[in-house]
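S.K.: Got a sequence here, can you model it:
(6 chains)
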Protein chains: 6
Amino acid sequence: MRPSGRDLSEMRQVSIEIDVTKHAEGSCLIKVGDTHVLCTATLEARVPPFIKGSGLGWVTAEYGMLPRSTTSRMRREAAAGKQGGRTVEIQRLIGRSLRAGVDRVALGERQITIDCDVLQADGGTRCASITGGWVALRLAVNKLMKAGDVISDPLVDPVAAVSCGIYAGQPVLDLDYPEDSEAGVDGNFVMTGTGKLIEVQMSAEGSVFSRDQMNQLMDLAEKGVAELAALQKEATGA
Amino acid sequence: MRPSGRDLSEMRQVSIEIDVTKHAEGSCLIKVGDTHVLCTATLEARVPPFIKGSGLGWVTAEYGMLPRSTTSRMRREAAAGKQGGRTVEIQRLIGRSLRAGVDRVALGERQITIDCDVLQADGGTRCASITGGWVALRLAVNKLMKAGDVISDPLVDPVAAVSCGIYAGQPVLDLDYPEDSEAGVDGNFVMTGTGKLIEVQMSAEGSVFSRDQMNQLMDLAEKGVAELAALQKEATGA
Amino acid sequence: MRPSGRDLSEMRQVSIEIDVTKHAEGSCLIKVGDTHVLCTATLEARVPPFIKGSGLGWVTAEYGMLPRSTTSRMRREAAAGKQGGRTVEIQRLIGRSLRAGVDRVALGERQITIDCDVLQADGGTRCASITGGWVALRLAVNKLMKAGDVISDPLVDPVAAVSCGIYAGQPVLDLDYPEDSEAGVDGNFVMTGTGKLIEVQMSAEGSVFSRDQMNQLMDLAEKGVAELAALQKEATGA
Amino acid sequence: MRPSGRDLSEMRQVSIEIDVTKHAEGSCLIKVGDTHVLCTATLEARVPPFIKGSGLGWVTAEYGMLPRSTTSRMRREAAAGKQGGRTVEIQRLIGRSLRAGVDRVALGERQITIDCDVLQADGGTRCASITGGWVALRLAVNKLMKAGDVISDPLVDPVAAVSCGIYAGQPVLDLDYPEDSEAGVDGNFVMTGTGKLIEVQMSAEGSVFSRDQMNQLMDLAEKGVAELAALQKEATGA
Amino acid sequence: MRPSGRDLSEMRQVSIEIDVTKHAEGSCLIKVGDTHVLCTATLEARVPPFIKGSGLGWVTAEYGMLPRSTTSRMRREAAAGKQGGRTVEIQRLIGRSLRAGVDRVALGERQITIDCDVLQADGGTRCASITGGWVALRLAVNKLMKAGDVISDPLVDPVAAVSCGIYAGQPVLDLDYPEDSEAGVDGNFVMTGTGKLIEVQMSAEGSVFSRDQMNQLMDLAEKGVAELAALQKEATGA
Amino acid sequence: MRPSGRDLSEMRQVSIEIDVTKHAEGSCLIKVGDTHVLCTATLEARVPPFIKGSGLGWVTAEYGMLPRSTTSRMRREAAAGKQGGRTVEIQRLIGRSLRAGVDRVALGERQITIDCDVLQADGGTRCASITGGWVALRLAVNKLMKAGDVISDPLVDPVAAVSCGIYAGQPVLDLDYPEDSEAGVDGNFVMTGTGKLIEVQMSAEGSVFSRDQMNQLMDLAEKGVAELAALQKEATGA
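M.R.: Now for the predicted structure:
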């Protein structure tokens, strides 16, 4: 049995509130159970030097946790003087995942930066960041299209992510923190709304797993992402 | 006339929502017009080395702005590798201000860290942080008292802060961003609920001011802080 | 056709030379084609603070590239003042992968640090680091066992890694740099010598992939890791 | 009674020696009792990017303490790898204060950097830095005017600063270190030679103060700054 | 008697293997006894800003030690976040020494960066770096000349270096680590193949030395450098 | 002819003023021509970890230049976030040189830190720092001896330093900045008052030198150091 009483293939309650900050070109507050992430999209005319003049757009992401988003207070990374390894790894994943769903030619030579800041954490913050980050991205791109700056929609299919893992010997969908901290195997799955794969990361620490188990987790992930993609569409009116 | 249409001595709409995050010992989301700050209090048994064994408690603060809390995106300080001068100055002010309202003997040898994170900025973030920070502090101390860990209340009187300035030649209360960026003189006033002064900071850049003007701003500040203190009491049920 | 002329499921020439440095407790120079990585194992009596007194051992890893291991010179990370995001991500993967193959109770309260330094790079440096890192680890553990410091072997099964990807529309094993820089999908597979999975990472940038493609890559990876494990055993005389 | 035996409204002995270093465009060694600060002005043709092309000048400041300017040795900030919060706060104050006394149009598009380095500290280093910094600035501007590079004098009125505080229950002028470390309230007052206010900073740590007390400190500050302005004029031959 | 059994004026076995990495414009692995340094030369069209447009070339160097090149593991400088004082001192010495043997007019406006990475250390790493670094430089310059990019040879005479010291009261040539860690006086001598001096550094820690002793060390150094220069010529086919 | 009109073997005017700061255990302001360095000695009971419990003392040094000690303003190292390579090299030299003249057993388990801060630079700052640093050290040790904390004098012979170089083809003593920036060869010589050598550093950039020239510079250095040692004795009343 799961600590939360959920079924093995049951996601937490998910809500996506859009337009939560007045300055950003796109924004949402995504809540996946007790994991709350504020996602904003910033649109800029400039692109990174390595694609200047290429006509291609760029999407990148940054991730952070408020110091007391967690059970015990974490040291503020700005005070520590650098982003930790976990932060860097997560923000690279978010950026790479969102870029995979973007037609960079259609976007044109502009950059969209997605900031994902965790206000409250209870497991699965990187997946919530990708799912919410896509919503912020969608809203910013909508503005570009409405203004006629972009003609062909650079976002064909939603991008969403969910975690799955082996908890107490069972494959479970959408791990919360109590499950995450005990899971022998734990994976993050980024997919499109039509079930195509963008990123699969499964890891075992102090354990190993089989291809059968991997396939069970993939099945759960497909179910979860389909549910998230429906919510993304609903939130963005697509 | 003020850009917002407010009277010279009229504060923005202020709301304080408490218990907004499940992990912190105390928390609130304070909204002063479009300035929104999430304040959390973290209680720890340890104190800084320089007061170890003294029997005294410690209150400290950290401050941050989400990258897109502002009109154009600011660089994330964790990515930049250090807290900027303005951040450091503000968090030192918050900590000093809140400590001035604490009976450190009554608190006993424990530390409370107040994190003030700006979700949306529209001027006056440091003042909102102090006012909201005191609410988070109050709630954390309430827990200590309820648990019997602290007997005599270390917080006698609320601490709140407001900005005032000379805008378009007139003294105005509670500057929003359009006023703040144009004001010739701009001050921050930290006081107790009974009108005692804790910190006064007035500065002119490219201008000067008289003692008369200073007194006018002080009068406005007293009015503003009294209103804030009433809201703090209401929010914390004191 | 692959740029190197290899078959789709053909690995590069792999060699593992052991005991290449006189100071380390275990060491090897692994060559996977033109990718050359020097791996050393350092044995220390101390463990990280978070497991002190637990009786458990720890295995960790660090990764670096010599500035001119690459086609054009990279900036030296020590001079830049920090390890880049890619470096951090890779060394976390190496450490996590090797730990998954260690019986930490049998190892006892001691730490082994695996340093993987790339002397020459031609794609697949993280996989070569894991494969070579395990050899260095094995040699260091052999010393512990020979000295009677460890009784039960903490390394039951080799750990090795290989990359696979979709290159020019075809699934290929063991990508070299020209393939890696063109591949639409690219994965790293860490497994034990008996084919159990430890870590699977597949990512697409600017593309997506299907579960069928994923399974084809998994099949290639199983073949590759089996070959590497045989070489590891040969090199370490196991 | 004050530890130094001074009257409540008596400043320490102040001396200002000009042209103490051969390289700087303006320089002085200011001694306020045992507080000794070396102030230099550096004139440069370039201005910061944010005012390039505006026709306006810029004045900025940096502050430092020699490691053994204090009773016990402080860690060298260059060795620590960053300027501490107190340093940053002080140098921002110095720059802001001096700029308030500058006609930036008259100065023209050039930058003057004031370096204030504390050779020996005994309280009031930031105030001595502002007072001495203005002298260095005056001397550098004199050179510009003599050379005909600047026609209209950008410095109309001297800028000077003094600290006041409540020591042993009494308002006192110009706190030395023994007073500063005991004072319940402590303020820094930056004014022009004609008594206009530029910056007022009063703070209480672990205490509060009244408007009456604030006014008493203001009165003392006006007296002190008038004395300092006279010495500045004398030193610069104005 | 020396720990290694060598005569007082006997160098360790030295070998220089060239072209050890496929990417660099010049490279060698130099072994001076158990001290092994990988040296690479990187050729770039750009020069540092301070000589841009001067028509002169530049040669610079960087130095690093692999963490387990030493008896006990050193902290990786990239992880520590900066190059230590010893590293900085050594790489400045290598750069300065090699530049002294270069006709910068003949080289033309291009930069050659020499990277010296110590794979295994047993004393004398900076001298081996200079000697091997010159070989890498020679090979890179050969390419430039072969391609006709440089007409007149900018390298007239080899540059090599050796350490000498007073060990157990005796002047000895080419200190290995056991000698180096015990030597009362220890010097590094950089010379050209024809015996001209480029850099002499002798230091005593907790001891002093006489001009006579200095001359004895100079004599040994001349012998050692002559042997090294012969090997450099042999290795580079000059 | 030298720019200053001095004879080839003539030092600049040297003065040493002692007890220039009230906090340090020893201090002096040394002026070697227009090079002015403030040297302080700080005495502490603690020693670095690596000699804890050994009964031996430690002497170390730090070096800094005020930003406008030079012709054009240098960036403040504290603001840049690290000490540059030149600074690190110099302070290591100062510490090593002074330690060579200390009987660390006689000093006992205590640390003396010498801070050398350049107020005005005109060439030869590192030599002036060593010479003045020894005076500060002597004064601090005098206090220890007077207090009876140290019985046997740990400082037997003064330590002083001078630069010499080949300027316009001639060997000259005590280079000032105009000479230093033009010299083909430039050396720093640290010796005891009785002419024993502690450190010799000679380097050529873009040039070479002979043993004959080296000996001429040594002769000049011996003359210069003897003069400096006499001044050190006079200043410290020894």
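S.K.: Who does the helix or strand containing residue A:163 pair with, and is each partner parallel or antiparallel?
M.R.: Element membership for residue A:163, per DSSP states H and E: strand A:159-167. Applying DSSP bridges to the sheet, strand A:159-167 is found paired with strand A:170-173 (antiparallel), strand A:185-192 (antiparallel).
S.K.: Buried deepest among the ones you listed, which one?
M.R.: strand A:185-192 (a mean of 24; mean count of other Cβ atoms under 10 Å in any protein chain shown). Using the backbone N, CA and C atoms, a C-beta is placed for each residue, glycine as well.
S.K.: which outside residues touch that strand?
M.R.: A:93, A:97, A:100-101, A:126-127, A:130, A:157-166, A:175, A:180, A:197-204, A:207, A:209, A:213-214, A:217-218, A:221-222, A:224-225, A:229, C:200, C:208 (Cβ atoms under 8 Å, 6 or more residues apart in numbering or on different chains).
S.K.: Which among those count as buried?
M.R.: Using 16 or more other Cβ atoms under 10 Å in any protein chain shown as the burial test, the contacts of strand A:185-192 include A:93, A:97, A:100-101, A:126-127, A:130, A:158-166, A:175, A:180, A:197-204, A:209, A:213-214, A:217-218, A:221-222, A:224-225, A:229, C:200, C:208 as buried.
S.K.: Could you tell me which of those residues belong to strands?
M.R.: If you go by DSSP state E, these have A:159-166, A:197-204, C:200 in strands.
S.K.: Compute the distance between residue A:12 and residue C:89, please.
M.R.: 28 Å (Cβ to Cβ, to the nearest Å).
S.K.: among the helices and strands of chain A, which has the poorest mean pLDDT?
M.R.: When each helix and strand of chain A is scored by mean pLDDT, DSSP states H and E, helix A:77-80 comes last, with a mean of 90.
S.K.: What is the end-to-end distance of stretch A:27-42?
M.R.: Start and end residues of stretch A:27-42 are separated by 9 Å (Cα to Cα, to the nearest Å).
S.K.: Show me where chain A has its helices.
M.R.: A:77-80, A:85-100, A:104-107, A:125-146, A:177-180, A:211-236 (DSSP state H).
S.K.: Can you point out the buried residues in the first one?
M.R.: Neighbour counts using 16+ other Cβ under 10 Å place A:77, A:78, A:79 of helix A:77-80 among the buried residues.
S.K.: Confirm for me that the first one is in contact with residue A:87.
M.R.: Yes. The pair residue A:77 and residue A:87 passes the contact test of Cβ atoms under 8 Å, sitting 6.5 Å apart.
S.K.: Which residues are in contact with each of these two?
M.R.: With Cβ under 8 Å, 6+ apart as the test, residue A:77 and residue A:87 both reach A:64, B:78.
S.K.: Closest residue of chain A to chain D?
M.R.: residue A:81 (7.8 Å; Cβ to the nearest Cβ).
S.K.: Next, count neighbours for that residue.
M.R.: By other Cβ atoms under 10 Å in any protein chain shown, the residues close to residue A:81 number 17.
S.K.: Now do it against chain B, distance only.
M.R.: For residue A:81, the distance to chain B equals 6 Å [Cβ to the nearest Cβ, to the nearest Å].
S.K.: show me the contacts for the residue lying closest to residue A:164 once chain neighbours are set aside.
M.R.: The shortest distance from residue A:164 to any residue other than its chain neighbours is 4.2 Å, reached at residue A:217 (Cβ to Cβ, 6 or more residues apart in numbering or on different chains). With contact set as Cβ under 8 Å, 6+ apart, residue A:217 has these partners: A:164, A:165, A:166, A:171, A:185, A:187, A:189, A:202.
S.K.: Residue A:111 too?
M.R.: Neighbour list for residue A:111: A:43, A:44, A:46, A:47, A:48, A:57, A:58, A:59, A:60 [criterion: Cβ under 8 Å, 6+ apart].
S.K.: which residues touch the last one?
M.R.: Taking Cβ under 8 Å, 6+ apart as the definition of contact, the neighbours of residue A:60 are A:48, A:95, A:99, A:111, A:112, A:113, A:114.
S.K.: so the last one sits right up against residue A:93, yeah?
M.R.: Spelled out, that is residue A:114. No. Using Cβ under 8 Å, residue A:114 is not in contact with residue A:93, being 11.9 Å away.
S.K.: Need the mean per-residue confidence for stretch A:198-214.
M.R.: Confidence for stretch A:198-214, expressed as mean pLDDT, is 90.
S.K.: Nearest spatial neighbour of the residue in chain A sticking out farthest from the centre, chain-adjacent residues omitted?
M.R.: Most distant from the centre of chain A: residue A:53, at 29.3 Å, with distances by Cα atoms, centre = their mean. Closest residue in space to residue A:53, ignoring its immediate chain neighbours: residue A:109 at 7.8 Å, by Cβ to Cβ, 6+ apart.
S.K.: correct me, but the one you found touches residue A:149?
M.R.: No. At 11.1 Å, residue A:109 does not count as touching residue A:149 under the criterion of Cβ under 8 Å.
S.K.: Of those two, give the one with the bigger neighbour count.
M.R.: Each of residue A:109 and residue A:149 has its neighbours counted (other Cβ under 10 Å); residue A:109 has more, 17 against 14.
S.K.: show me the residues around that one that make contact.
M.R.: Residue A:109 makes contact with A:47, A:51, A:52, A:53, A:54, A:55, A:56, A:57 under the criterion Cβ under 8 Å, 6+ apart.
S.K.: How about residue A:141?
M.R.: With contact set as Cβ under 8 Å, 6+ apart, residue A:141 has these partners: A:26, A:107, A:112, A:150, A:153, A:154, A:155.
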